[in-house]
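> with the sequence up front, the predicted model follows.
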Amino acid sequence: MRLLRVLCLLWLVSVEAKEIKVAVGLSLPPYVIQKSNSGMELDVVAQALADAGHSMKPVYLPFARVPLAMQDAEVDAAITVQESSGIKAAFSDSHITYQNFAISLGKNAFKIEGVADLAKHSVAAFQNAKLYLGVPFSVMAGTNKAYAEHAEQVKQNKLLYTGRVDVVVGDRNIFKYFNNEAKQEGIDVSQPVVYHEIFPPTYYKVAFRDSAVRDGFNAALKKMRSDGRYEAIMKKYQ
């Protein structure tokens, strides 16, 4: 632990403190809450950068613009990305994990052990889910006449709890977050639900233009995980 603190201090000395413009291409509560520049993901990135001696300035962009903003040096970093994005950058260690589930009401006792099982049910998913969740899911979505995608995340919660669809597909933390909004609209969100784990987790990283800033970020992120501050941020939004 002492050695880790010393290493972090060395990074502070060796890397010039600066404002880091960070491209944010996804506004998905509770990971990214644009109106308050907060959220699970933004708070983690901001804190790690602060520990490394920098400040963060979020730059909100359409997701498709993020690679171009990095390429044209409009920003210093980008979040919620992977090497497969094609961005030429120094990628950090994974700082956040998204986990999609098939979610159903417990009272229905559905047996959902794989994507193929969704074909038997009416399904509401997030926008463009069929592009992100793999070929088997895309095939199911294309052949299931009771499949639909919705841009408004809260609509999935409403459809599920009111029994208008059998299953919704989305990230568990996002689903739980929008329970609050659905409740305010008179929806009974106290009903038990089942999270069917039929999708692998997605590990996202931060892309940096400067590898020295990336290294400082990684050291700070590791310390946050070890001293409990990372978990505290997760719990704050759960």
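Perfect, thanks for sending it. Numbers count the residues shown, from 1 in each chain.
> against Leu131, how distant is the nearest residue to Ala52 once chain neighbours are set aside?
Leaving out its chain neighbours, the residue that sits closest to Ala52 by C-beta to C-beta, 6 or more residues apart in numbering is Gly216, at 3.6 Å. For glycine as for every other residue, the C-beta is placed from the backbone atoms N, C-alpha and C. To Leu131, Gly216 is 34 Å away according to C-beta to C-beta, to the nearest Å.
> the residue nearest to Ala52 contacts Ala77, correct?
No - look at Gly216 against Ala77 with C-beta atoms under 8 Å: they stay out of range, at 11.8 Å.
> what is the burial count for Asp93?
14 (other C-beta atoms under 10 Å).
> actually Tyr195, not the one I wrote
14.
> element containing it?
strand 193-196 (DSSP states H and E).
> any idea of the mean pLDDT in that strand?
Strand 193-196 shows a mean pLDDT of 98 in the predicted model.
> same question, stretch 64-83
On average, stretch 64-83 scores 94.
> correct me, but Ser138 touches Leu131?
Yes - using C-beta under 8 Å, Ser138 is in contact with Leu131, at 7.3 Å.
> those two: which is more packed in?
More crowded of Ser138 and Leu131, by other C-beta under 10 Å: Ser138, with 15 against 11.
> ok, and the closest non-adjacent residue to the more buried one?
For Ser138, ignoring the flanking residues on the chain, the nearest one in space by C-beta to C-beta, 6+ apart is Lys130 at 4.5 Å.
> so what's the one you found up against?
Lys130 makes contact with Phe137, Ser138, Ala141, Gly142, Glu149, according to C-beta atoms under 8 Å, 6 or more residues apart in numbering.
> how close does it get to Gly142?
7 Å.
> in which helix or strand would I find Lys57?
In this structure, Lys57 is located in strand 55-60 according to DSSP H and E.
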